[in-house]
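Undergrad: Okay, structure incoming, though there's no sequence with it:
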Ligand SMILES: Nc1ncnc2c1ncn2[C@@H]1O[C@H](COP(=O)(O)OP(=O)(O)O)[C@@H](O)[C@H]1O
Ligand SMILES: [Mg+2]
């Protein structure tokens, strides 16, 4: 990607993700049509840490999946690092996704019989084949960063839920993505483990300057993100400083 392709804010920050009037209609044109996202527009810049909140069914996962090119939106414009994603072939979408985006889900989707390090290396293996020394070293570094250096060779089904989620975070970061999308990554963890996993997101956000959008039901965790985007019925009803989120919007369940 050339430098000129990178969109910049007036402030000179790089825009990693830009959505203009994104709509998503499931089963479009059928009697089961369900219009879930309505004219969603937002920008996320390099190094931002953003909480995406809203009641269950408000469209958070649908939005995240559209942002991450895991699902196709119905209309609007979506740019990732300046690349307009409309009209891209599935192959181009896959390439952009694997180059630019790391995903963390509520359920970690690790391959349980594989070792922690092989799970971390998986996105690189899918892209480049057998990992080279530098890639393996970086995966080890990430496992060390998430506190699991000594578990590198253990199958992940031998790890606790919190440890597995840390492996999933290391896996999301192994491609050095500009954007990390996390859908309720602490949703099935106890409070202390959720705090520790969130610490990792914060640290990687600061140290690697990756932009992170994190869906969470936990107001304590969303308050730790400088910015909150709140969805109601598929519309953005708040986008601003988490500290200024109106009380009426603090309900997240
Ligand atoms: N594959 C699908 N087909 C039809 N409707 C869907 C599909 N996925 C999600 N929806 C609907 O979209 C709405 C938003 O869902 P979702 O994005 O999962 O919300 P959230 O993550 O905020 O709980 C819900 O009404 C849900 O039923
Ligand atoms: Mg969801």
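TA: Structure's in. What do you need? Everything quoted here is computed from the prediction, not taken from an experiment. Ligands and ions are numbered 1, 2, ... in the order given.
Undergrad: Quickly note the distance from residue 206 to ligand 2.
TA: Using Cβ to the ion, to the nearest Å, residue 206 is found at 26 Å from ligand 2. Using the backbone N, CA and C atoms, a C-beta is placed for each residue, glycine as well.
Undergrad: nope, residue 240 is what I was after
TA: Relative to ligand 2, and taking Cβ to the ion, residue 240 is found at 22 Å.
Undergrad: Paired strands for whichever strand or helix holds that residue, with orientation please.
TA: Assigned by DSSP states H and E, residue 240 belongs to strand 235-241. Its sheet considered, strand 235-241 pairs with strand 227-232 (antiparallel) by DSSP bridges.
Undergrad: who touches the strand holding residue 240?
TA: In this structure, residues lying in contact with strand 235-241 by Cβ atoms under 8 Å, 6 or more residues apart in numbering are 38-42, 226-231, 245-246, 249.
Undergrad: of all those, which comes closest to ligand 2?
TA: Nearest to ligand 2 out of those is residue 231 (Cβ to the ion; 10.4 Å).
Undergrad: Which residues of the stretch 1-150 of the chain lie near ligand 2?
TA: With the criterion set to Cβ under 5 Å from the ion, the stretch 1-150 of the chain comes near ligand 2 through 60, 61.
Undergrad: about what we covered before: is any residue of the strand holding residue 240 near ligand 1?
TA: No - for strand 235-241 and ligand 1, the contact criterion (Cβ under 6 Å from any ligand atom) is not met; the two come no nearer than 12.0 Å.
Undergrad: What separation is there between residue 121 and residue 137?
TA: Distance, residue 121 to residue 137, by Cβ to Cβ, to the nearest Å: 11 Å.
Undergrad: Between the two, which is the more surrounded one?
TA: Neighbour count, other Cβ atoms under 10 Å: between residue 121 and residue 137, residue 121 has more, with 24 against 11.
Undergrad: Which elements pack onto the helix or strand hosting residue 124?
TA: Using DSSP H and E, residue 124 maps to helix 116-128. Using 3 or more Cβ pairs under 8 Å, 6 or more residues apart in numbering; DSSP states H and E, the elements in contact with helix 116-128 are helix 90-100, helix 133-145, helix 161-173.
Undergrad: which residues are contacting that helix?
TA: The contact list for helix 116-128 (Cβ under 8 Å, 6+ apart) reads 98, 102, 110-111, 114, 131, 135-136, 139-140, 142-143, 148, 151-156, 159, 167-168, 170-171, 174-175.
Undergrad: Which strand or helix spans residue 130?
TA: Counting by DSSP H and E, residue 130 is found in no helix or strand.
Undergrad: what's the distance between it and residue 24?
TA: Distance, residue 130 to residue 24, by Cβ to Cβ: 38 Å.
Undergrad: Please compare these two by neighbour count and tell me which comes out ahead.
TA: residue 24 (23 against 9).
Undergrad: The more buried one should be in a helix, yeah?
TA: No - under DSSP: H, G, I helix; E, B strand; the rest coil, residue 24 falls outside any helix and is assigned strand.
Undergrad: Spatially nearest residue to it, not counting backbone neighbours?
TA: residue 37 (3.9 Å; Cβ to Cβ, 6 or more residues apart in numbering).
Undergrad: number of nearby residues for the one you found?
TA: 26.
Undergrad: wait, is it part of a helix?
TA: No - with three-state DSSP as the criterion, residue 37 is located in strand rather than a helix.
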